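Asks: sharing a model that was predicted from the sequence below.
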Amino acid sequence: MSGLAGLGISRTVEAAARESGQAKQVLVIFEQGGISHTDTWDPKADRNPVHRSPFRTIPTSVPGIQVTELLSRTSKLADQLSIVRCMRQPKPNVGNSHPLGSQYIFSGSDPGGPVTMPDIGSVASSLLGTSARHLPAYVLEGSGEQSKESRLGFLPASHKAYQIRHGRVSGLKLEGIDSKRFLKRRDLLSSINVGLLSSGRSDVKAMESFAEQAEDMLTNPRTLAAFDIDSEPDSVKELYHPLEDNRKHRGRMYLMGRRLIEAGVRFVCINTQWPADGKLWPGGGNMNWDHHDAIYSQGNTNIKGGGAGAGRYGIGTWPMMPSTDWAFSGLITDMKQRGLLKETLVCFVTEFGRTPKVNERQGRDHWVHAFSMVFAGAGVPGGQVVGETDADGAYITSPMAYTVEDYGASVYSKLGIDIKEPIYTPEDRPIFVSKGGRAIPELFS
């Protein structure tokens, strides 16, 4: 009976979301590598001292909701957030793989199926198009090492993620030819294509539309301006990071996400990690969240006898949670002040959590049985925690437990996309995105 009721709720939520179209845009913050949920969003103050996080549990702006002190800034904005503590990743074919786990997040679909599934952003570009023709519909800030796992799948090339790394833009400006000469060539091509366009062929019309959008991107001065972080006043920059030169990276990338959303990009994914820098952060050669070794180090994690976790910095050091806390709180504050949260869904995600037990190398390994995601904007109710885990943060104990397909279904539903309707391959094969997923009811008011 409860299962049928759950399905009924899910259908109602998805239908209501499609009708309201609460999100016109989506901003995904993908912190890749597997953030330790019990050190951040899901604190366990009463855990066995051997395995307990050293970071204090602190109250938030919402009575009854607690996080750790690593989220001291974000804790003040809990009234804007839905913290989902009951995420799980049950696909045995995905397992503990960072590449497959990243594909899973990008697509919201099982990456081990017979068809390569496109990213959610590519599907949104295909079905919804863009309201800013001078910009790509889907932008991926790809500083993170697993950005290479982004997939176009069977969709046309025009819907591929436009990737930038560390904020550097390429291919969106004219090089080696002035704008007047370019436009003359474009006019000549249009004249040649008149006969083809009059044939009514859909593939020709699609190519012409693609060419027109490419022209807009290459000639419109607002294109490059959307990526110009340095044009922001210091008062805004300081929301995202301290103004010192050596502490900016993550905040700048989050600020890039806000700028692109404000400029009209349909789907933005910020997949960042602190760049390797042997001088500023000695020993930090791979600064994602894969803390298999020395997770609580006050410096690098290159311990004697260590292994897969080498090259990071401890979770409590600036390149990790302190910079993330500053950047994420600044993002939510800035977007709310600008009125962008009303129609923008913001998702803070990671591919899995980390083990409830500290291993023999003072680190925490991959954990797929329970982890946290956080959502804001586009009608997401603020000031709530969804689901719960046991005293160690090991297993979900609440009746509700959600998967990455459910995350994908929630994003699609917020955008008004019906996941029960297939999209089609060039061979006319019907494909269902986020297959088996259902929108997370608690994210819909």
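Replies: It's in. Numbering: from 1, shown residues only.
Asks: can you give me the strands in the stretch 1-150 of the chain?
Replies: 25-30, 57-59, 66-68, 82-87, 138-141 (DSSP state E, counting those that start in this stretch).
Asks: who does the fourth one touch, helix- and strand-wise?
Replies: Using 3 or more C-beta pairs under 8 Å, 6 or more residues apart in numbering; DSSP states H and E as the contact criterion, the secondary-structure elements in contact with strand 82-87 are strand 371-376, strand 384-386. To be clear about C-beta, it is placed using only N, CA and C from the backbone, and glycine gets the same treatment.
Asks: any chance of the strands of the stretch 1-150 of the chain in JSON lines, plus mean pLDDT, distance to I261 and mean neighbour count?
Replies: Compiled in JSON lines, the strands of the stretch 1-150 of the chain are given as follows (pLDDT from 0 to 100; distance: least, C-beta to C-beta, whole Å; neighbours: other C-beta atoms under 10 Å):
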{"stretch": "strand 25-30", "mean pLDDT": "98", "distance to I261": "5", "mean neighbour count": "24"}
{"stretch": "strand 57-59", "mean pLDDT": "98", "distance to I261": "29", "mean neighbour count": "13"}
{"stretch": "strand 66-68", "mean pLDDT": "98", "distance to I261": "25", "mean neighbour count": "24"}
{"stretch": "strand 82-87", "mean pLDDT": "98", "distance to I261": "19", "mean neighbour count": "25"}
{"stretch": "strand 138-141", "mean pLDDT": "96", "distance to I261": "10", "mean neighbour count": "27"}
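Asks: dump those into TSV; add distance to D46 as well.
Replies: Listed next are these as TSV, based on distance: least, C-beta to C-beta, whole Å:
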stretch	distance to D46
strand 25-30	30
strand 57-59	9
strand 66-68	12
strand 82-87	16
strand 138-141	38
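Asks: tell me which of those sits nearest to T38.
Replies: strand 66-68 (8.3 Å; C-beta to C-beta).
Asks: contacts made by that closest one with the rest, please.
Replies: 39-41, 43, 53, 55-60, 74-75, 78, 83 (C-beta atoms under 8 Å, 6 or more residues apart in numbering).
Asks: go ahead and build a PyMOL selection from the buried members of the residues you listed.
Replies: To isolate the buried members of these in PyMOL, using 16 or more other C-beta atoms under 10 Å:
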select buried, resi 39+40+41+43+53+55+60+74+75+78+83
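Asks: which one of the contacts of strand 66-68 is nearest R338?
Replies: Distances from R338 to those, taken by C-beta to C-beta, are shortest for T74, at 18.4 Å.
Asks: would you map the helices across the stretch 251-400 of the chain?
Replies: 321-337 (DSSP state H, counting those that start in this stretch).
Asks: and I431, how many neighbours?
Replies: Residues near I431, counting by other C-beta atoms under 10 Å, number 17.
Asks: contacting residues around it?
Replies: 115, 117, 154, 422-425 are the contacts of I431 under C-beta under 8 Å, 6+ apart.
Asks: with M373 instead?
Replies: 84, 87, 347-350, 407.
Asks: please apply the same query to S53.
Replies: 36, 38-39, 43-44, 47, 68 are the contacts of S53 under C-beta under 8 Å, 6+ apart.
Asks: the same query, at a cut-off of 7 Å, please.
Replies: 38-39, 43, 68 (C-beta atoms under 7 Å, 6 or more residues apart in numbering).
Asks: could you dump the residues you listed into JSON lines and include distance to G251?
Replies: Formatted as JSON lines, those follow (distance: C-beta to C-beta, whole Å):
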{"residue": "T38", "distance to G251": "25"}
{"residue": "D39", "distance to G251": "21"}
{"residue": "P43", "distance to G251": "24"}
{"residue": "T68", "distance to G251": "20"}
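Asks: from the residues you listed, which ones fall inside helices?
Replies: Counting by DSSP state H, no part of the contacts of S53 is found in helices.
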